[in-house]
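In: Return atomic coordinates for the entry below.
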Amino acid sequence: MGFDHSHYMPIMKAKAGEFWALAHLKPTTKPLVTPLFELVPHDAKKTTFDADSSKKIDGVAECWQRPFFFDVRHIAPKGSLPDATTVSSVFKKIRARDMHGIPVTRIGYSQKFQESVREIIKSDAKGAMIRLATSDLAIKDKLQTALANLCSFLGINEGNIDLLIDYEFRKPDDYEDLLVLQALHLTKIPNIQKWRTVTVASASFPESIKDLPDGEWIPLDRTEWKSWEHLIKADGTARKPAYGDYGIRHPSLPGFGQPKPNLRYTIADGYLCRRDEAKHAAIKEICRSLIKKNEYKGPDFSDGDQAISKTAANQGSGGTGGGKEWTQWCSNHHVEFVATQIQSLPSA
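Out: Coordinates of the predicted model:
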């Protein structure tokens with residue numbers, strides 16, 4: 001498996017809304033996308049890790065029959081590193097379903113965790129992803145040594161490793177700094193042409209939209225897109241990286257409970273976001289106001305857009321959906337939009 005800068009890597013929580021979004025992509029879009037799924041913690045009062053992870057792996061299997069990355073970084077106590085048994089258990093399930101999953105690891109994970117990843121690589125022969133944080137890139141000499149040591153320990157070379165440079169959340173005010181960091185960090189990657197893939201990813205969607213005013217469309221910046229577009233158009237880049245983002249979510253774990261009715265609609269350089277009070281048919285009003293806007297792509301653009309149009313046209317008492325449905329509509333639109341946007345660039 002390999003891809004270049006014309007490819008898209010959405011970082012998605014392993015949740016029902018995201019599964020629907022991927023399952024309902026157009027057949028022509030799916031080959032342009034390789035998702036990175038992040039396993040989210042389960043409710044220990046309702047289920048076990050084994051049962052919950054099996055359910056989520058089934059969700060991945062039903063929505064995605066192509067290669068994907070899978071990260072268990074969130075399945076750890078706060079402030080701790082993920083346990084080796086977590087990744088082993090998950091990939092045993094992935095292997096049993098004959099799926100093309102690729103494990104994700106990081107510099108600094110425990111030796112036991114890396115041993116488990118090594119065994120997965122040996123069993124599955126699909127390579128691995130190394131996910132780099134900005135702290136890993138702070139000192140060039142240490143990065144080169146750390147990557148060389150990790151590759152050696154895992155028993156594979158650069159040609160079987162996908163690199164992700166993950167900036168996580170960056171405020172719109174950080175745009176200029178992000179431009180400088182991305183350009184600088186790409187120069188710090190040793191043997192940059194040899195890695196199977198190289199992707200940069202970040203997110204600008206806020207952790208919460210509760211402070212946004214109700215009843216109006218608020219534009220939010222897509223710093224992640226604008227900084228990547230600037231990067232691949234710049235002269236002298238040794239290797240143009242693929243694009244990754246966190247979709248319509250913040251990188252942190254989602255909260256529990258039912259949110260207020262809201263839509264997060266991706267546009268060229270930003271998002272249109274609207275939320276309303278939790279009143280009857282509020283989401284229908286939001287959908288009706290969206291389809292009147294010039295930025296609305298129309299019901300034929302994606303299954304998510306079609307669902308928005310149907311909800312807007314619904315005059316009955318039902319059909320309003322909930323947080324899962326609103327996420328799946330907007331996530332599906334987002335992935336279709338970004339994949340199309342990447343392909344429209346002259347350098348794609």
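In: State whether Ser252 is indeed within a helix.
Out: No. Assessed with DSSP: H, G, I helix; E, B strand; the rest coil, Ser252 is coil; it does not lie in a helix.
In: I'd like to know the phi and psi angles of it, please.
Out: phi -70, psi 170 (degrees, to the nearest 10).
In: before we move on, what SS does the nearest residue to it once chain neighbours are set aside have?
Out: Of all residues not flanking Ser252 in the chain, Glu207 sits nearest, at 5.6 Å (C-beta to C-beta, 6 or more residues apart in numbering). Using the backbone N, CA and C atoms, a C-beta is placed for each residue, glycine as well. Classification of Glu207 using three-state DSSP returns coil.
In: Glu207: what's it in contact with?
Out: Going by C-beta atoms under 8 Å, 6 or more residues apart in numbering, Glu207 touches Phe169, His250, Ser252.
In: Relative to Ser54, how far out is it?
Out: Distance of Glu207 to Ser54, computed by C-beta to C-beta, to the nearest Å: 29 Å.
In: Can you give the contact residues for stretch 192-201?
Out: Counting by C-beta under 8 Å, 6+ apart, 1-4, 7, 9, 11, 127, 157-167, 182, 185-186, 189, 224, 228, 231, 238-239, 241-246 sit against stretch 192-201.
In: That one spans what distance, first to last residue?
Out: For stretch 192-201, the first-to-last residue distance is 17 Å (C-alpha to C-alpha, to the nearest Å).
In: Please apply the same query to stretch 145-165.
Out: Stretch 145-165: ends 17 Å apart by C-alpha to C-alpha.
In: buried sites along that stretch?
Out: 146-147, 150-151, 154, 156, 158, 160-165 (16 or more other C-beta atoms under 10 Å).
In: Equivalent analysis for stretch 185-202, please.
Out: 185-186, 188-189, 192, 195-202.
In: got it, and stretch 267-286?
Out: Those would be 267, 270-276, 281-286, for stretch 267-286 by 16+ other C-beta under 10 Å.
In: now stretch 245-252
Out: Asp245, Tyr246, Gly247, Ile248, Arg249, His250, Pro251.
In: show me the contacts for the nearest residue to the fourth one once chain neighbours are set aside.
Out: Going back to what we said before, that points to Ile248. In this structure, Ile248 finds its nearest non-sequential neighbour in Arg264, 4.1 Å apart by C-beta to C-beta, 6+ apart. Neighbouring residues of Arg264 by C-beta under 8 Å, 6+ apart: Phe205, Ile209, Ile248, Tyr271, Leu272, Cys273, Cys330, His334.
In: and which of the residues you listed is nearest to Gly323?
Out: Using C-beta to C-beta, Cys330 comes nearest to Gly323 of the contacts of Arg264, at 10.9 Å.
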